[in-house]
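In: Okay, sequence plus prediction incoming.
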Amino acid sequence: MEVVPLASVEEVARLGADVVEAAVRGGAGVLGLATGSTPLPTYRELIGRHLDGIGPSYDGVRCFTLDEYVGLPAGHPESYRATIARELTDPLGIPADRVHGPDPDPAGLPTAGERYEAALRAAGGVDVQVLGIGSDGHLAFNEPGSSLASLTRLKTLTEETRRDNARFFGSLDEVPRHVLTQGLGTILRSRHLLLLATGPGKAAALAAAVEGPLTASCPASVLQLHPHVTVLCDPSAAAGLERRDHYREVYAAKPAWQGL
Ligand code: GLP
């Protein structure tokens, strides 16, 4: 795992965008996209470069979201399908038929996980997966206790996550209790994992994920099993990392040819 403590949210966004663009320029055809607030500065950076004409071509790129709420009316602005279209894929000119997410239609819920796994496999798997981390250490919507080998399935949110996400809705009561989410085993199949963490609310979870034991009690600790993980964090999110000086030294001394 490569942890890169950066000076600001803006630097996280610039480097995050560099990683995604380098992958696309290198032929990555499948992007994995997270929702939540954390990736938004990175997405805005990608959109800005695209509009300035200095981004890569997204022709042929396909996108897969990590997760989706269950129980929202179709087209609800806080559904992750609507959110990712608004915040990234529409402005990048990636058509809706190349943006995929777990299908929350109630009639198909029992098979929704399997169908999403099949779609991911058929696309050849995810080249770069953008990730955030929940304040309780969740990845996608894999709450503490999730199997480290889990695949896409229906999950129930914790109260902590529902409270965290209530800011996107009118009230806590409007936050769905159920979700479909890629499993931790699904996420591990992506070829490159790019975890973005910013703000003091992520410091404890990030420290547990990166330096704590591998445990289902901190789902993001599963990243320790993956051969290619890049963690970009701002100073407040990095505050709990015991080895942060070492991570800085490693990054400063990184050979230019190595890339992230
Ligand atoms: C959400 C999403 C995750 C996200 C996390 C953190 O509930 N399902 O994909 O990474 O929680 O969200 P935020 O970036 O808004 O703090």
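Out: Yep, that arrived.
In: quick one: the helices in the stretch 51-200 of the chain?
Out: Taking DSSP state H, counting those that start in this stretch, the helices of the stretch 51-200 of the chain run over residues 80-84, 90-92, 109-122, 159-165, 184-188.
In: what about Val231, which helix or strand?
Out: Per DSSP states H and E: Val231 is located in strand 229-233.
In: and if you look at Ala17?
Out: helix 9-25.
In: So the following helix or strand past that helix, near the ligand or not?
Out: Downstream of helix 9-25, the first helix or strand assigned by DSSP H and E is strand 30-33. No. Strand 30-33 is not in contact with the ligand by C-beta under 6 Å from any ligand atom; minimum separation 9.3 Å. C-beta coordinates here come from the backbone N, C-alpha and C atoms, glycine included.
In: ok so, going back, close to the ligand, is the helix or strand that the strand holding Val231 is followed by?
Out: Remark: after strand 229-233, the chain's next helix or strand is helix 235-238, criterion DSSP H and E. No. Using C-beta under 6 Å from any ligand atom, helix 235-238 stays clear of the ligand, coming no nearer than 10.2 Å.
In: Show me what whatever helix or strand comes next after helix 235-238 is in contact with.
Out: Following helix 235-238 in sequence order, the next helix or strand is helix 244-252 (DSSP H and E). Outside of helix 244-252, the residues within contact range by C-beta atoms under 8 Å, 6 or more residues apart in numbering are Glu2, Val3, Val4, Pro5, Ala238, Leu241.
In: tell me which parts of the protein are close to the ligand?
Out: Checking the chain against the ligand by C-beta under 6 Å from any ligand atom, the hits are 34-38, 66-67, 132-134, 140-141, 161, 165.
In: I'd like these laid out as JSON lines, including pLDDT.
Out: JSON lines is the format used below for these (pLDDT from 0 to 100):
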{"residue": "Ala34", "pLDDT": "98"}
{"residue": "Thr35", "pLDDT": "96"}
{"residue": "Gly36", "pLDDT": "93"}
{"residue": "Ser37", "pLDDT": "95"}
{"residue": "Thr38", "pLDDT": "98"}
{"residue": "Leu66", "pLDDT": "98"}
{"residue": "Asp67", "pLDDT": "97"}
{"residue": "Gly132", "pLDDT": "98"}
{"residue": "Ile133", "pLDDT": "97"}
{"residue": "Gly134", "pLDDT": "94"}
{"residue": "Ala140", "pLDDT": "97"}
{"residue": "Phe141", "pLDDT": "96"}
{"residue": "Thr161", "pLDDT": "91"}
{"residue": "Asn165", "pLDDT": "93"}
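In: out of those residues, which are inside strands?
Out: Counting by DSSP state E, the residues of the chain next to the ligand place Asp67 in strands.
In: are any of the residues of the chain next to the ligand buried, and which?
Out: Buried by 16 or more other C-beta atoms under 10 Å: 34-36, 38, 66-67, 132-134, 140-141, 161, 165, out of the residues of the chain next to the ligand.
In: What is the nearest of those to Lys202?
Out: Nearest to Lys202 out of these is Ile133 (C-beta to C-beta; 5.8 Å).
In: Ramachandran angles for that closest one?
Out: Note on Ile133: its backbone torsions stand at phi -130, psi 140 [degrees, to the nearest 10].
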